[in-house]
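A.B. asks: Could you work out the structure for the sequence below:
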Amino acid sequence: MALIEVKVPDIGDFKEVEVIEVLVKQGDSISKEQSLLTVESDKASMEIPSSASGIVKDLRVKLGDKVSEGTLILLAEAADPQTSNIPSKDISPNSEAPVGTKMLEEAQKTSALPEKSNSDSKPSSVSLESQAEQTVFVPDIGDFQEVEVIEVMVKPGDTIKAEQSLITVESDKASMEIPSCAAGVVKSVLVKLGDKVSMGTPLITLATASSPAASKAPSPAEISMATPATPPAQAERRHPVPEEMRAATDKDRTKPHASPSVRAYARELGVDIARVPGTGPKERITQDDVRNYVKAAVAAVAADTSPGRAGTISTATAGASLNLIDWPKIDFAKFGEIQTQPLSRIKKISGANLHRNWVMIPHVTNHEDADITELEALRLKLNEENAKAGIKVTLLAFLIKAAVAALKKFPEFNASLEGENLILKKYFHIGFAADTPNGLMVPVIKDADKKGVFEIGKEMSELAAKAREGKLSPAEMSGGCFSISSLGGIGGTYFTPIINAPEVAILGVCRSSTRPVWNGKEFEPRLILPLSLSWDHRVIDGASAARFNSYLASILADFRRIIL
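C.D. replies: Here you go, the predicted model:
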């Protein structure tokens, strides 16, 4: 049996990064460049690709492990026995990885990472004219389109390695560094600061020993290499600062020179990174620069004794531009026993977004009661009829179909606000809040208008299970038009759900209860479902919201109306 060691390739400056996801298991068939792991540092997340094809025989890493370049990921059985990079006498599938000699280590490096050997061996002695030219393109970077180049890290004549960062780009959600897919000598740089790039944009041309065919533009499938991706982050907020500090930084506010980790640190402190002067190489902004900026802003405000300013603190540290007093600092341990528990990664991300949405969107919430007596009877009957087939539908599936009908009748609710324009969507992707051990997640049912209740129920069940297991992909949580947050399985009556921007409305649902309702002659028991609709007052007015709620309640009361 020919075995291949698959190791972590050159991942740039990332050292001892944590494994947050293992994408394969023993027995899986893998192909070259297939993603094996997801790792995360303080700068970004990235997927680690395989350097070979084969069948996984022994997985050597697990969640929480720290890995670096050269760390053994797995042993794979190669289809071609001659491709093995391990002497057969040294390893069985379940044995420990051999230590080996320096000669063996060098052999493993050149076997597992053949594309790097040419760039690492005396590049200066190789003539550019004698090598093939290859164009390096922006790889698949997810939903990021037309993102701005805020840093160019290479120049003509530089010798670079595969996976070395070439540029830094920034969207309204995050910053990320774009790596090279090959090693060589930079012949030309095809982008500059301020350019907008997307998947497939040419970045540089390289002099390499690879095939000249590599210089053609790649197809989307050919750009599926692993690339760093950062989770969505809160948009940077601008705050007023003293004039003497403003003058020093306004000259180049549009292109702050800072790493993703420094940008994240600035966002945590509520600092506009564009106003921070950089003291690092090439005026790069460091964490110390952000920290000193905050200290200077605090000192400037503390020194201001003008009327109305006494006792206030810097807007760079708390209270934004509202001049609120500082958050109280309390030693809770002096009152009794405490336990400190860090927030999960999901709660950190969602918390920042929810805070932004609550502060920036003028929320209004309308409440309505829907009589679902007949609908619940229909649901129970359908489940009983399909019990043998294992099909079971929840009330939420009916709510999604009813919401689609209401969005079609009131299209301003199926929209997003961009500046002074309202983007009206002709598709109907409905998100639903899923409660997971790590926090709230919102999977999205795509094209809900084209699916039946049973199909929606089945898809909901699958997405909710993936959410609980932490296996939801970004694509499965993006593109939503309208969200539903249901507390029906827990309890409560009414609440105010926070709008999931860039959507303009969200429906909150609580537990139904049987109430006496007057029918004109007598009281009769009816099953009532509490609805809470939060909406963006910049886009929707109160009359429209009341009509939307009323129409939604009428659909739920008589589901036959959905076909009208």
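A.B. asks: So which bits of stretch 477-486 are buried?
C.D. replies: 477, 480-486 (16 or more other C-beta atoms under 10 Å). Bear in mind the C-beta positions are built from the backbone N, C-alpha and C, glycine included.
A.B. asks: just how off-centre is it within its chain?
C.D. replies: 15 Å (C-alpha atoms, centre = their mean, to the nearest Å).
A.B. asks: my guess is Ile562 is in a helix, correct?
C.D. replies: Yes - per DSSP: H, G, I helix; E, B strand; the rest coil, Ile562 lies within a helix segment.
A.B. asks: and it, what does it touch?
C.D. replies: By C-beta atoms under 8 Å, 6 or more residues apart in numbering, the contact set of Ile562 is 401-402, 405, 555.
A.B. asks: please redo it, this time with the cut-off set to 10 Å
C.D. replies: Residues counted as contacts of Ile562 (C-beta atoms under 10 Å, 6 or more residues apart in numbering) are 398, 401-402, 404-406, 453, 555-556.
A.B. asks: So how do I select the buried members of those residues in PyMOL?
C.D. replies: Only the buried entries of the contacts of Ile562 go into this PyMOL selection, using 16+ other C-beta under 10 Å:
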select buried, resi 398+401+402+404+405+406+453+555+556
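A.B. asks: of all the buried residues of stretch 477-486, which comes closest to Arg547?
C.D. replies: Closest approach to Arg547 among the buried residues of stretch 477-486 (C-beta to C-beta): Phe482, at 15.7 Å.
A.B. asks: partners of that closest one in the sheet?
C.D. replies: Ile430 (DSSP bridges).
A.B. asks: of all the buried residues of stretch 477-486, which comes closest to Pro437?
C.D. replies: Once C-beta to C-beta is applied, the member of those that ends up nearest Pro437 is Met477, at 16.8 Å.
A.B. asks: mind listing what that closest one touches?
C.D. replies: Met477 touches 232, 431, 434, 441-444, 463, 467, counting by C-beta under 10 Å, 6+ apart.
A.B. asks: Okay, it and Ala433: tell me how far apart.
C.D. replies: Distance, Met477 to Ala433, by C-beta to C-beta, to the nearest Å: 11 Å.
A.B. asks: shared neighbours of the two, anything?
C.D. replies: By C-beta under 10 Å, 6+ apart, the residues touching both Met477 and Ala433 are 441-443, 467.
A.B. asks: So which of these belong to helices?
C.D. replies: Ala467 (DSSP state H).
A.B. asks: ok, and the most crowded of the shared contacts of Met477 and Ala433?
C.D. replies: Ala467 (24 neighbours; other C-beta atoms under 10 Å).
A.B. asks: Please verify my assumption that that one contacts Val444.
C.D. replies: No - with contact defined as C-beta atoms under 10 Å, Ala467 does not reach Val444; the gap is 11.2 Å.
A.B. asks: which neighbours do these two share?
C.D. replies: Common neighbours of Ala467 and Val444 (C-beta under 10 Å, 6+ apart) are 432, 476-477.
A.B. asks: Which residues belonging to stretch 269-281 are considered buried?
C.D. replies: 270-276, 278.
A.B. asks: ugh, wrong one, I meant stretch 484-500
C.D. replies: For stretch 484-500, using 16+ other C-beta under 10 Å, the buried residues are 484-488, 497-500.
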